[in-house]
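K.L.:
sequence-free structure coming up:
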């Protein structure tokens, strides 16, 4: 077993901020896109819709949950240009992560909406709220409150899954690690460092989630 | 002249079970009607049909116009539920003000001002910045009443408003209902608490097995008990009221 030598990494430290920023960008923008998709798709799937829309939404959710993220990334980045849709690797990564995570989170939103008490809908109807007003003003705020823990789980998973983006020509943390490994042949030092960095990122996500939950817990269901 | 709210040949079935069996009822403006009857007699189902919260066969009209569902009533019927159904994410003040602001398109400042005035009348001004989860059952129900009132409904329906409350808290709610009755509000109250009914209702409806068995002014119904089932029911609930 070779001796551990973390000092070989020092000469590459200046590359870290850019790669870290790319990972954070993919994580946060991908998550925001996922959140938007999840709220729209989850809300629509919780109500009665015309058959064709329901089929399309179900297809989207099942397709993204039933296929590997890697295949989805290849399809978006290498497959879509066949239809004239070209994008930078970063945009492809954000879009794929958003679509993938959105499919999972939409089910959490749907479950959270179904968990809102039926009496809330009844009183809203009696007061004269329209269906749209009921969703926006009454149901969604309560559903989001219910779904926050699962959102934050989704965010942590998404940050970790950004490592798969390293197969595209975009230098995020894992890609940087691979490149440094190819030059130094010190895999343990590199990947343990990467592991620590991902852990710190997801730990911050968890910390932020707890803070958000505390802020929202001034009211309870 | 049309009754304020009326049901004609109202039938409601859950599967094979008939809960309302061709009910006819008329409520005029200014009436305060107590609906009483044993559990499962169809009281709650009747008021839920009147409010448009249940699908039914027959006809329900408000000022002569058919009510197909709660949305067609457009807030003209206020409803107060046993389980309060306050919006947990709004403070007390917002629970009362925001529906008025959102639905009636009244600006926020005026909505909040009107809500505050109503809360003061209900002696709830100290709770206006609290969330519903921090209130007592009686306070929750009075907030629910204030929220119904701000929409200026033509009639308010109470579905067992005190069933989940201790007697002391139930008293608070009945006192509020009595004040509204004294101010001429048209109301329907489903309740078991006969002792309270005597203080605010002017009409009484006794239901059994999905039918209205007895109805009339409170004096006539409670003082001339020719119906043995009503007599038996009152003996039971008055005993439990003690």
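P.N.:
Good, I have the coordinates. All values derive from a computational prediction rather than experimental measurement.
K.L.:
contacts and neighbour counts: CA atoms only from here.
P.N.:
Noted.
K.L.:
For stretch B:188-195, list every residue counted as buried.
P.N.:
When burial is assessed from 16 or more other C-alpha atoms under 10 Å in any protein chain shown, stretch B:188-195 yields the following buried residues: B:188, B:189, B:190, B:191, B:192, B:193, B:194.
K.L.:
Now do the contacts for the third one.
P.N.:
With contacts defined as C-alpha atoms under 8 Å, 6 or more residues apart in numbering or on different chains, residue B:190 is in contact with B:34, B:35, B:36, B:43, B:44, B:47, B:158, B:159, B:160, B:161.
K.L.:
If we use 10 Å, what do you get?
P.N.:
For residue B:190, the contacting residues are B:33-37, B:43-44, B:46-47, B:82, B:157-163, B:197, B:204-205, by C-alpha atoms under 10 Å, 6 or more residues apart in numbering or on different chains.
K.L.:
again, but for the fourth one
P.N.:
When the contact criterion is C-alpha under 10 Å, 6+ apart, the partners of residue B:191 are B:34-38, B:43-44, B:158-163, B:197.
K.L.:
repeat that for 6 Å
P.N.:
B:36, B:160 (C-alpha atoms under 6 Å, 6 or more residues apart in numbering or on different chains).
K.L.:
now it: how far from residue B:221?
P.N.:
16 Å (C-alpha to C-alpha, to the nearest Å).
K.L.:
Can you give the contact residues for stretch A:149-167?
P.N.:
A:27, A:174, A:175, A:202, A:209.
K.L.:
In a markdown table, list these along with secondary structure.
P.N.:
Shown next, in a markdown table, are the contacts of stretch A:149-167 (DSSP: H, G, I helix; E, B strand; the rest coil):
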| residue | secondary structure |
| --- | --- |
| A:27 | helix |
| A:174 | helix |
| A:175 | helix |
| A:202 | helix |
| A:209 | helix |
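K.L.:
buried residues in the lengthiest helix in chain B?
P.N.:
Using DSSP state H, we find that the single longest helix of chain B is helix B:167-182. Neighbour-count burial for helix B:167-182, counted by 16+ other C-alpha under 10 Å, picks out B:169, B:170, B:172, B:173, B:174, B:176, B:177, B:178, B:180, B:181.
K.L.:
can you check stretch A:43-60 too?
P.N.:
Quick answer for stretch A:43-60 (16+ other C-alpha under 10 Å): A:43, A:44, A:45, A:46, A:54, A:57, A:60.
K.L.:
Reformat those residues as CSV; add distance to chain B and pLDDT.
P.N.:
Formatted as CSV, the buried residues of stretch A:43-60 follow (distance: C-alpha to the nearest C-alpha, whole Å; pLDDT from 0 to 100):
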residue, distance to chain B, pLDDT
A:43, 19, 93
A:44, 20, 93
A:45, 22, 92
A:46, 20, 90
A:54, 25, 93
A:57, 28, 95
A:60, 32, 97
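K.L.:
Return the subset of those lying in helices.
P.N.:
A:43, A:44, A:45, A:54, A:57, A:60.
K.L.:
which one among the residues you listed gets closest to residue B:17?
P.N.:
Residue B:17 lies nearest to residue A:45 out of those, by C-alpha to C-alpha, at 31.8 Å.
K.L.:
And the contacts of the helix or strand where residue B:101 lies?
P.N.:
Residue B:101 belongs to helix B:92-104 when elements are defined using DSSP states H and E. Outside helix B:92-104, the residues that touch it by C-alpha under 6 Å, 6+ apart are B:107, B:108, B:111, B:112, B:115, B:128, B:130, B:131, B:147.
K.L.:
how about it: buried residues?
P.N.:
B:92, B:93, B:94, B:95, B:96, B:97, B:98, B:99, B:100, B:101, B:102, B:103.
K.L.:
mind checking how far it is from the chain centre?
P.N.:
What separates the centre of helix B:92-104 from the centre of its chain is 20 Å, taken as C-alpha atoms, centre = their mean, to the nearest Å.
K.L.:
Just the mean pLDDT for it, thanks.
P.N.:
Mean pLDDT, computed over helix B:92-104, is 96.
K.L.:
Give the next helix or strand downstream of it.
P.N.:
In N-to-C order, the element after helix B:92-104 by DSSP H and E is helix B:108-121.
K.L.:
where does that next one sit relative to the chain's centre, distance-wise?
P.N.:
Here helix B:108-121 is found 22 Å from its chain centre; the criterion is C-alpha atoms, centre = their mean.
K.L.:
That one - contacts with which helices or strands?
P.N.:
Counting contacts by 3 or more C-alpha pairs under 6 Å, 6 or more residues apart in numbering or on different chains; DSSP states H and E, helix B:108-121 packs against helix B:92-104.
K.L.:
quick check: angle from the helix it packs on to helix B:108-121?
P.N.:
Counting by axes from the mean of the first three to the mean of the last three C-alpha atoms, to 10 degrees, helix B:92-104 lies at 130 degrees to helix B:108-121.
K.L.:
still on that earlier bit, make JSON lines out of the buried residues of stretch B:188-195 and add pLDDT and distance to residue A:122.
P.N.:
JSON lines is the format used below for the buried residues of stretch B:188-195 (pLDDT from 0 to 100; distance: C-alpha to C-alpha, whole Å):
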{"residue": "B:188", "pLDDT": "96", "distance to residue A:122": "18"}
{"residue": "B:189", "pLDDT": "96", "distance to residue A:122": "18"}
{"residue": "B:190", "pLDDT": "95", "distance to residue A:122": "17"}
{"residue": "B:191", "pLDDT": "91", "distance to residue A:122": "20"}
{"residue": "B:192", "pLDDT": "84", "distance to residue A:122": "23"}
{"residue": "B:193", "pLDDT": "85", "distance to residue A:122": "25"}
{"residue": "B:194", "pLDDT": "84", "distance to residue A:122": "27"}
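K.L.:
quick one: residue A:140 from chain B, how far?
P.N.:
Relative to chain B, residue A:140 is positioned 10 Å away (C-alpha to the nearest C-alpha, to the nearest Å).
K.L.:
and for the helix or strand encompassing residue A:182, what are the contacting residues?
P.N.:
Applying DSSP H and E as the criterion places residue A:182 in helix A:173-184. Residues from elsewhere that reach helix A:173-184, judged by C-alpha under 6 Å, 6+ apart: A:19, A:20, A:163, A:166, A:187.
K.L.:
Among the residues you listed, which are located in helices?
P.N.:
A:19, A:20, A:187.
K.L.:
Quick one: low-confidence residue ranges for the chain.
P.N.:
Using chain A. Chain A contains residues with pLDDT under 70 at A:1-2.
K.L.:
try again with chain B
P.N.:
Looking at chain B by pLDDT under 70, you get B:1, B:238-242.
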